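Colleague: need coordinates for the below:
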Amino acid sequence: MSVVPMKLVTLTGPQERFEAAMHVCVMEQEFHPEPALPYLSGVDGITPITPENPYLPLLRKGELLAAQMNIPLEFRSFDDYPDSLEIPAAYLQSLEEKRSEWNRQRDELERNASELRAAAASLEPLLGFPGDLDELRSMHYVQFRYGHLPIESFERYQPDILRLDQAFFFETARREHRVYGVYVSAEQDTAQADALFHSLRFHSIALDERAHGDAAHAVSALSAEAGAAETSAAGYARKLFALTEQETEQLLTVICYLRFHSELCELRKFAVRSQGSFYLMGWVPTQELTALDRRIGSVSGFRLSYVADDPEYLEHAVPPTKLSNHFFARMFQPLLSMYGLPSYHELDPSLFMAITYCIFYGIMFGDVGQGLCLSLLGILLARRQKFWLGNIIACCGLSGAFFGCVYGSVFGFEDILPGFKILEGSHVLILLIFSIALGVFMLGLSMLFNIVNGIRQKNWEKILFGANGVAGFLFYLGIVFAVVSPLTVGFNAFQPAYVFPVLVLPLLLMLFREPLSLLMRRDPGWKTVSLSELLTIGFFELFEILLSFLTNTLSFLRVGAYAITHVSLMLVVQMLAGSHLNPVVIVLGNAFVLGFEGFLVGIQVLRLEFYELFGRFYSDGGLEYRPKRIQYSEKSK
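Modeller: Modelled structure (predicted):
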């Protein structure tokens, strides 16, 4: 549960050696850049550095080429690549022109082949017609039409079609509810013939100019020409594939080189300059300062220096948050990120959430068999699918198996192991009382965390006077003791000697927390606080605080309630299985309870964490620590 301490480092060196210094000291190192201008704006002669980036257009061109060539973006070393902008520019231009020309040739050939295939296909129904296509096209006094009409139209009006004086119709083929054929007419009768066949829904097909000879010869020639075009197009496709194979490594090297130098140029927007020197500021973990000092000492050819400042002494400084946790706490950080990242001066609740989440889940879902199955499912999700939730499911399953041993429950059967049988005797009442006691303990612990956060943030209202500060903590535990003591030890705490210092005084402190906190900070603003407004608003706020204490405490009843629900559901499954315990019903029933209740319990535990606990001490709002590291792979972008 720790947030890594940070230092604000200011790097200084000759302006013309900016990129060289960034290369050694910032890129791929533990350095989170921070805009320097707000911190140095009062210094004479300080101006921002114009972030000129000649590498970015070339980088975009290279990435586009990689996408067009289906090359996944991956890291390639560019240490030996010449440090010159002209070389990658010429390479990308040449590669782009070569690909564009070959793509144009391939597309043109494929389009031509497609047109030839379509022309040949349109002539296939004409194979039964003996006429020469060139002669038909060259006739002057007789007009020729080729096409098709619906078969129902042809069969209904076939006698009339055959008796036409204006045209002669010759059927050539029947396909897909169509009749294909040709009709010829004298030039003076063409208009009337066209009108008659149009009324029969005749669709005319134009003969391709490349079709010569009779239909059979034309189909054969067009198909052969299409095949030759397809062969040539396939040749260009093979050349493009070979080009991809040949240029993949070089293109990835160029992209990585361009991306690195583009990121270097982007660092300029964080820096400022004055009298020939640059100033770049950034956050560095305290334990990394020795490594930074060593890197600065390795720079040769120019002087580079740095200053490390403690954020406590910098006005308006907001350090980023870097969490340092072991594996168990890191597993729950994705869940924590749903609520928000802790701020720099705040406790990291990752370990607290990991422990309490597993405990709550185990109590609410206590079963040895189902817990182990759930854990196995989580392991499979984590190892096979690389799903982050798998590790959490595995831990919750093990917790459920542990509490299943406490309850003596194995797949709902409670006669296999000894244990705390939830539905026996007064165990239900004991479990519910335990849930309330657990809630009191967890809420009190959350208030202590809030007090610690207040101390770290030097916030007197949070430490002493808030609903989750010392005043709220004393009042909450005091009222709990006053309610419980008559039932346990027979002591009546509702007496003036107890009520005033333990209950009334904390309420007054919470009521007047605003002026009291201002007074603690020696802020004269406490004198201007309106008493009437304070009392009016404070009354409703105190009512809300008291209500939240009650509802948050009672909300922990769900811990025991879900444990009772789990046992009850398994009893229903056993009743449905009958006296002979039908194995199919037992298996399906356990699978249903495992999936349905396991999912609901996970949601309810998350609700307890976020609303009942985190709401009392965790304000999130942290800025994620992002050192200047370049993500070269496509998945990371």
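Colleague: hmm, Phe328 is touching Ala354, no?
Modeller: Yes. Applying CB atoms under 8 Å, one finds Phe328 in contact with Ala354, separated by 5.5 Å. (Each C-beta comes from the backbone N, C-alpha and C, glycine too.)
Colleague: comparing the two, which shows the higher neighbour count?
Modeller: Between Phe328 and Ala354, counted using other CB atoms under 10 Å, the more crowded position is Ala354 (24 against 14).
Colleague: now stretch 289-299 - C-alpha only, PDB.
Modeller: The C-alpha coordinates for stretch 289-299 follow below in PDB (Å, rounded to 0.1, in the frame of the first residue of the first chain):
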ATOM      1  CA  LEU A 289      17.900   9.900  -8.900                       C
ATOM      2  CA  THR A 290      21.100   7.900  -8.600                       C
ATOM      3  CA  ALA A 291      20.600   6.300 -12.000                       C
ATOM      4  CA  LEU A 292      19.700   9.800 -13.500                       C
ATOM      5  CA  ASP A 293      22.900  11.200 -12.000                       C
ATOM      6  CA  ARG A 294      24.900   8.400 -13.600                       C
ATOM      7  CA  ARG A 295      23.300   8.900 -17.000                       C
ATOM      8  CA  ILE A 296      24.000  12.600 -16.800                       C
ATOM      9  CA  GLY A 297      27.700  11.800 -16.000                       C
ATOM     10  CA  SER A 298      27.900   9.600 -19.100                       C
ATOM     11  CA  VAL A 299      27.000  12.500 -21.400                       C
END
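Colleague: what about the most far-flung residue of the chain relative to its centre, which SS state?
Modeller: Centroid-distance maximum for the chain: Asp165 at 75.0 Å, with CA atoms, centre = their mean. Look at Asp165: counting by DSSP: H, G, I helix; E, B strand; the rest coil, its state is coil.
Colleague: how far does the helix or strand bottoming out on mean pLDDT in the chain sit from its chain's centre?
Modeller: Here the helix or strand of the chain ranked lowest by mean pLDDT, DSSP states H and E is helix 133-138, holding a mean of 78. Distance of helix 133-138 from the chain centroid (CA atoms, centre = their mean, to the nearest Å) equals 66 Å.
Colleague: what residues of it count as buried?
Modeller: Leu133, Leu136 (16 or more other CB atoms under 10 Å).
Colleague: give me the residues contacting that helix.
Modeller: With contacts defined as CB atoms under 8 Å, 6 or more residues apart in numbering, helix 133-138 is touched by Phe144, Leu207, Ala211, His212, Gly213, Asp214, Ala215, Ala218.
Colleague: likewise stretch 483-500?
Modeller: By CB under 8 Å, 6+ apart, stretch 483-500 touches Gly478, Phe481, Ala482.
Colleague: secondary structure class of the second one, three-state.
Modeller: Classification of Phe481 by three-state DSSP places it in helix.
Colleague: quick one, strands of the chain?
Modeller: Listed in chain order, the strands of the chain (DSSP state E) span 2-3, 6-14, 32-34, 47-48, 142-150, 167-175, 178-186, 203-204, 272-274, 277-285, 305-309, 323-324.
Colleague: could I get those in JSON lines, plus columns for mean neighbour count?
Modeller: JSON lines is the format used below for those (neighbours: other CB atoms under 10 Å):
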{"stretch": "strand 2-3", "mean neighbour count": "18"}
{"stretch": "strand 6-14", "mean neighbour count": "20"}
{"stretch": "strand 32-34", "mean neighbour count": "20"}
{"stretch": "strand 47-48", "mean neighbour count": "12"}
{"stretch": "strand 142-150", "mean neighbour count": "19"}
{"stretch": "strand 167-175", "mean neighbour count": "16"}
{"stretch": "strand 178-186", "mean neighbour count": "20"}
{"stretch": "strand 203-204", "mean neighbour count": "12"}
{"stretch": "strand 272-274", "mean neighbour count": "18"}
{"stretch": "strand 277-285", "mean neighbour count": "23"}
{"stretch": "strand 305-309", "mean neighbour count": "14"}
{"stretch": "strand 323-324", "mean neighbour count": "17"}
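Colleague: using TSV, please lay out those strands together with distance to His427 and mean pLDDT.
Modeller: As requested, the strands of the chain are arranged in TSV below (distance: least, CB to CB, whole Å; pLDDT from 0 to 100):
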stretch	distance to His427	mean pLDDT
strand 2-3	40	82
strand 6-14	51	91
strand 32-34	54	92
strand 47-48	70	86
strand 142-150	82	87
strand 167-175	81	85
strand 178-186	82	87
strand 203-204	85	89
strand 272-274	69	88
strand 277-285	51	91
strand 305-309	60	85
strand 323-324	40	86
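Colleague: phi and psi next, for the residue farthest from the centre of the chain.
Modeller: Backbone geometry at Asp165, expressed as degrees, to the nearest 10, gives phi -90, psi -30.
Colleague: next: Gly131.
Modeller: phi -70, psi 160.
Colleague: need the pLDDT of it.
Modeller: pLDDT for Gly131: 78.
Colleague: burial of it, as a residue count?
Modeller: Neighbours around Gly131, by other CB under 10 Å: 15.
Colleague: for the closest residue to it other than its chain neighbours, grab the count of nearby residues.
Modeller: Sequence neighbours aside, Asp214 is the residue nearest to Gly131 in space, at 6.8 Å (criterion: CB to CB, 6 or more residues apart in numbering). The tally of other residues near Asp214 (other CB under 10 Å) stands at 19.
Colleague: now do the contacts for Asp214.
Modeller: Asp214 touches Phe129, Pro130, Gly131, Asp132, Leu133, counting by CB under 8 Å, 6+ apart.
Colleague: can you do 10 Å?
Modeller: Asp214 sits next to Leu123, Leu126, Leu127, Phe129, Pro130, Gly131, Asp132, Leu133, Asp134, Glu135, Leu136 when contact means CB atoms under 10 Å, 6 or more residues apart in numbering.
Colleague: give me the nearest residue to the fifth one, chain neighbours excluded.
Modeller: Distance criterion CB to CB, 6+ apart; nearest residue to Pro130, sequence neighbours excluded, is Asp214 at 6.5 Å.
Colleague: noted, bye for now.
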